[in-house]
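Visitor: Okay, sequence plus prediction incoming.
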Amino acid sequence: MSIRRFIWCLIVLSPFSTAPTSAAGARLEARVNGVRNTKGQVGCLLFASADGFPSDMKKARQAVSSPIVDGRGVCQFDAPAGSYAIVAIHDENANGKLDKNVLGVPKEGYGASRDARGAFGPKYDDARFDYRGGGLTMPITLRY
């Protein structure tokens, strides 16, 4: 699936939870850095397997969105201990798609946990990390 479809799913299947609850304050958090402006929002998907990663929202364990504050968005997930991967996007104009220039290069930012990259999007195994429960902040840097 393409990043474009991922963004479309973010918009079409809204609203996302912006304040998930969790037991005893335990949180898995994606701190999405490098957001170039305050337009739009940051959207994040949490995956527990490679199935559907990085863009099939129906196969994501959870989808959340975050406002942009001080150049970043913070997506908080309710999740038990396990192995996960996170993808994040910055939909600046809230049009539901990843805008590209005439050469097909994305104009809006996207990124994945563990700084995973790929010619056709990040791979699950490159973005995968182990979450043991409790509090964990996973940094994600957007690329434009």
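Guide: Everything's here; your move.
Visitor: Who are the packing partners of the longest strand seen in the chain?
Guide: Across the chain, the strand with the greatest residue count (assigned by DSSP state E) is strand 82-91. Packing partners of strand 82-91 (3 or more CB pairs under 8 Å, 6 or more residues apart in numbering; DSSP states H and E): helix 3-12, strand 28-33, strand 41-47, strand 73-77, strand 110-112, helix 124-127, strand 129-131, strand 136-141. Where you see a C-beta, it was placed from the backbone N, CA and C, and this is true even at glycine.
Visitor: Just put these in a markdown table and tack on mean pLDDT, mean neighbour count and distance to Asp56.
Guide: As requested, the helices and strands packed on strand 82-91 are exported to a markdown table (pLDDT from 0 to 100; neighbours: other CB atoms under 10 Å; distance: least, CB to CB, whole Å):
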| stretch | mean pLDDT | mean neighbour count | distance to Asp56 |
| --- | --- | --- | --- |
| helix 3-12 | 46 | 19 | 8 |
| strand 28-33 | 97 | 22 | 18 |
| strand 41-47 | 93 | 25 | 9 |
| strand 73-77 | 96 | 23 | 17 |
| strand 110-112 | 95 | 27 | 14 |
| helix 124-127 | 98 | 18 | 11 |
| strand 129-131 | 98 | 14 | 20 |
| strand 136-141 | 98 | 18 | 19 |
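Visitor: ends of stretch 55-62, how far apart?
Guide: Start and end residues of stretch 55-62 are separated by 12 Å (CA to CA, to the nearest Å).
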